[in-house]
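# sequence-free structure coming up:
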């Protein structure tokens with residue numbers, strides 16, 4: 001299995017969820033927002049979304065590691081529990097920026 005260094009310190013800026021992943025007007029995020037909202041995620045349960053994504057970082061299987069000019073990206077798949085009680089298989093992308101040690105959330109999409 002591939003290593004995800006410092007997975008226990010992975011974090012998600014709240015603005016990344018509010019202004020991107022749940023934004024129905026963001027040019028890239030709006031299709032993801034439509035999907036997540038169809039499963040019951042919204043601003044009232046944003047902490048559930050955040051904790052679910054963090055849980056994938058902590059427990060999910062690293063599928064790929066990619067170097068970029070900005071740092072090292074980690075592709076991690078897992079299952080995200082939904083407010084409706086179901087779950088969706090989701091791929092998350094995290095980056096450890098150059099000169100940083102804490103992995104930061106980049107994006108997520110269904111697989």
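Arrived safely. The structure displayed is predicted, hence computed values, not measured ones.

# Where does the residue sitting furthest away from the middle of the chain fall, secondary structure wise?
What lies farthest from the middle of the chain is residue 99; by CA atoms, centre = their mean that is 21.3 Å. Using DSSP states H and E, residue 99 sits in no helix or strand.

# can you tell me how far it sits from residue 35?
If you measure residue 99 against residue 35 using CB to CB, to the nearest Å, the figure is 34 Å. (Glycine included, C-beta is placed from N, CA and C.)

# Pretty sure residue 63 sits against residue 91.
Yes: with contact defined as CB atoms under 8 Å, residue 63 reaches residue 91; the gap is 7.4 Å.

# Please name the bridge partners of residue 65.
For residue 65, the beta-bridge partners are residue 74 (DSSP bridges).

# sorry, back to before: return the backbone torsion pair for the residue farthest from the centre of the chain.
Dihedral pair for residue 99: phi 70, psi 20, per degrees, to the nearest 10.

# Need the pLDDT of it.
Per-residue pLDDT puts residue 99 at 93.

# how far is stretch 83-96 from where the chain is centred?
Remark: stretch 83-96 is offset 6 Å from the chain centroid, using CA atoms, centre = their mean, to the nearest Å.

# returning to what we had before: okay, and the common contacts of residue 63 and residue 91?
Common neighbours of residue 63 and residue 91 (criterion: CB atoms under 8 Å, 6 or more residues apart in numbering): 75-77.

# Using a markdown table, lay out those residues together with distance to residue 10 and pLDDT.
A markdown table is the format used below for the shared contacts of residue 63 and residue 91 (distance: CB to CB, whole Å; pLDDT from 0 to 100):
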| residue | distance to residue 10 | pLDDT |
| --- | --- | --- |
| 75 | 13 | 98 |
| 76 | 9 | 98 |
| 77 | 15 | 97 |
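
# What lies in contact with the longest helix seen in the chain?
Ranked by residue count and defined by DSSP state H, the top helix of the chain is helix 46-59. With CB under 8 Å, 6+ apart as the test, helix 46-59 has contacts from 4, 7-8, 10-12, 14, 17-18, 21-22, 36, 41, 76-81, 83, 90, 92, 94, 103, 105, 108.
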